[in-house]
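> Turn this into a structure:
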Amino acid sequence: MHFRPPSIDQGVVALIWAAVLGAYVYFGLLAVGASGAMAIIITLVSFAGIWLFVRLRGEDRPRRPRRSQRER
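The predicted model follows:
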């Protein structure tokens, strides 16, 4: 018996990616000396952009098998 990982909705995956990368952006901005308020604003905008990008473009779509010349 082969076990497969559980199916996770693409919105949840996008949320995880956005949270991790948003934290990276936030702490990176604080490390280079940005103010806390500016870091929060940039982090929230980047969080929304990352979530939207991963939600729309992050899903792997199964490829259709190509038909050979003989089957046409």
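> Okay, strands next: where are they in this protein?
Taking DSSP state E as the test, none of the chain falls into strands.
> In it, which residue is most central in space?
Taking CA atoms, centre = their mean as the criterion, residue 54 is the residue nearest the geometric centre of the chain, at 3.6 Å.
> What about the spatially closest residue to that one that is not a sequence neighbour, how many residues nearby?
Setting aside the residues directly before and after it, residue 54 is nearest to residue 14 in space (CB to CB, 6 or more residues apart in numbering), at 3.9 Å. Every residue, glycine included, has its C-beta placed from N, CA and C. Counted with other CB atoms under 10 Å, residues neighbouring residue 14 total 20.
> Stretch 40-55: how far from the chain's middle?
Centroid displacement of stretch 40-55 relative to its chain, using CA atoms, centre = their mean, to the nearest Å, is 10 Å.
> got the buried residues for that stretch?
When burial is assessed from 16 or more other CB atoms under 10 Å, stretch 40-55 yields the following buried residues: 42-43, 46-47, 50-51, 54-55.
> could you pull out the helices for the protein?
Shown for the chain, the helices assigned by DSSP state H span residues 10-31, 36-57.
> got the phi/psi numbers for residue 6?
Listed backbone geometry of residue 6 is phi -70, psi 150, with angles given as degrees, to the nearest 10.
> Neighbours of it, how many?
Neighbours of residue 6 under the rule other CB under 10 Å: 5.
> confidence score at it?
Per-residue pLDDT puts residue 6 at 78.
> Where does the prediction get shaky in this structure?
By pLDDT under 70, the weakly predicted segments of the chain are 60, 62, 68-72.
> Kindly recompute the last result at 80.
When the per-residue scores of the chain are filtered using pLDDT under 80, the ranges that remain are 1-2, 5-6, 58-72.
> Nearest approach to residue 63 belongs to which of the helices of the chain?
Of all the helices of the chain, the one in closest proximity to residue 63, counting by CB to CB, is helix 36-57 (16.1 Å).
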